[in-house]
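Colleague: This is a predicted model, with the sequence first.
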Amino acid sequence: MQLSSTNQSEALISSNPRIPIRRAPVLKPLPPTDQLHFGKHFSDHCFYAKYSPDQGWYDSHIEPYGPILIEPTAAVFHYGQAMFEGMKAFRHPNGKVFLFQPEFNMKRMQEGAVRLCIPAPTRDVFMTGLRELLTLDERWVPAEKGCSLYVRPTLIGVDPYLKAVPSKSALFFVVLTPVGPYFGGRSKPLRIYVEDSAVRAVPGGLGAIKAGANYVASFQSALKANAEGFDQVLWLDAHHEGVEEVGTMNVFFVLKGEIVTPALNGSILSGGTRAAVIEVLKSMNLPIIERKITIDELIQAQQQGRLIEAFGTGTAAVISPIGELNYKGSPYYVNQGEVGHLTQKIFDRITGIQYGTEPDSFGWMRPVSDLD
């Protein structure tokens, strides 16, 4: 199946009630939906906004996707002042495009910007950018179930100054990429390597925000795990005791008598999908508990037959069932390596709402046309 496409040329300049738009002279061909590898293809345009102490947020505009001209001494390159958000746009059966929890992502970026000492985009800048870019590049939103348009708002410090101080100026931009299932539509649960040496984040650090530094800190362990045939890494706390995240996802464990997800302790990211799963579980009157859970407790629960299911949650994959935890060279299987009943039920409920095939009783979905 292939997305509908148009190769028509459009005027370089067009007016907009809110922001100026410089349109791409030739639109890109849309990739077939069965070839949508995550983050490989990008839409025709980007949204940009700048910040300076004198002007505040200014120069909001849209232009064709392409390289950004930034000074080589910009703070983002030398001191890591960079963060991003991730959200998805979905095409509903009526043809309209909806965003999943945009308010959550906006607030999380604004809060994270404070920690990184970067000027935070205002609501108007954030929502206007999303609305106008998604409206302009709406043709990139797939209609096929399992596919969506991933939205990546990014915020960086750009002062060209080599002194180790926060940048007073910033660049906010948004790019779009059509995506299919994050793990390629695989039906088997993930094999997880439990990292008992390296540490991803510590309380009081950057783990609770979507700083770029969080992700580079995970690459080495992820490469090691992949080389040994595992799909992802289960991260423990600084003492290598408490369970924190799995790869770039929050994690849930279905135990006999309770469902546990690690409590937000200052080093765990507060995920939008995590929050959605908690809402779904509460609506089902299931005993969801946010608390510390150690790797020893988890292994003991597995050995005693009390670990029933496990899954990761995140924007990209939504729900990722876990079939194996490999700790200190020993495999511990979850639900005999198969997708659990509750895991599947939660996935179906959330994706049904996202794609508009189930009623949105939680108020998660926002029509792009109504963003303000």
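Modeller: Looks like it arrived, so ask away. Note that the structure is a prediction, hence the values are computed from the model and not measured. Numbering: from 1, shown residues only.

Colleague: Can you give me the distance of the closest residue to Ser361 other than its chain neighbours to Ala276?
Modeller: Spatial nearest neighbour of Ser361, chain neighbours left out: Ser283 (7.5 Å); criterion: Cβ to Cβ, 6 or more residues apart in numbering. C-beta coordinates here come from the backbone N, C-alpha and C atoms, glycine included. Distance from Ser283 to Ala276, counting by Cβ to Cβ, to the nearest Å: 11 Å.

Colleague: Need the residues touching each of those two.
Modeller: Taking Cβ atoms under 8 Å, 6 or more residues apart in numbering as the contact rule, Ser283 and Ala276 both touch Phe362.

Colleague: any weak-confidence spans in the chain?
Modeller: Within the chain, the ranges that satisfy pLDDT under 70 run 1-17, 182-187.

Colleague: Can you give me the domain boundaries for it?
Modeller: 13-180+365-370, 190-339 (automatic domain parsing).

Colleague: Make JSON lines out of the ones you listed and add mean neighbour count.
Modeller: Formatted as JSON lines, these follow (neighbours: other Cβ atoms under 10 Å):
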{"stretch": "domain 13-180+365-370", "mean neighbour count": "18"}
{"stretch": "domain 190-339", "mean neighbour count": "18"}
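
Colleague: The ones you listed into a markdown table, with extra columns for distance to Ile350?
Modeller: A markdown table is the format used below for those (distance: least, Cβ to Cβ, whole Å):
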| stretch | distance to Ile350 |
| --- | --- |
| domain 13-180+365-370 | 9 |
| domain 190-339 | 6 |
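
Colleague: Nearest to Arg349, out of those?
Modeller: domain 190-339 (5.5 Å; Cβ to Cβ).

Colleague: Can you show me the strands along the stretch 201-350 of the chain?
Modeller: 232-236, 243-246, 250-255, 258-261, 288-290, 307-314, 318-327, 330-333 (DSSP state E, counting those that start in this stretch).

Colleague: List the pairing partners of the fifth one within its sheet, with orientation.
Modeller: When you say that, I think you mean strand 288-290. Neighbouring strands of strand 288-290 in its sheet, by DSSP bridges, are strand 258-261 (parallel).

Colleague: Return the partner strand as PDB; C-alpha atoms alone will do.
Modeller: Output of strand 258-261 as PDB, limited to C-alpha atoms (Å, rounded to 0.1, in the frame of the first residue of the first chain):
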ATOM      1  CA  GLU A 258      -0.500  -6.000  41.400                       C
ATOM      2  CA  ILE A 259       0.800  -4.200  38.300                       C
ATOM      3  CA  VAL A 260       4.000  -2.300  39.000                       C
ATOM      4  CA  THR A 261       5.700   0.500  37.200                       C
END
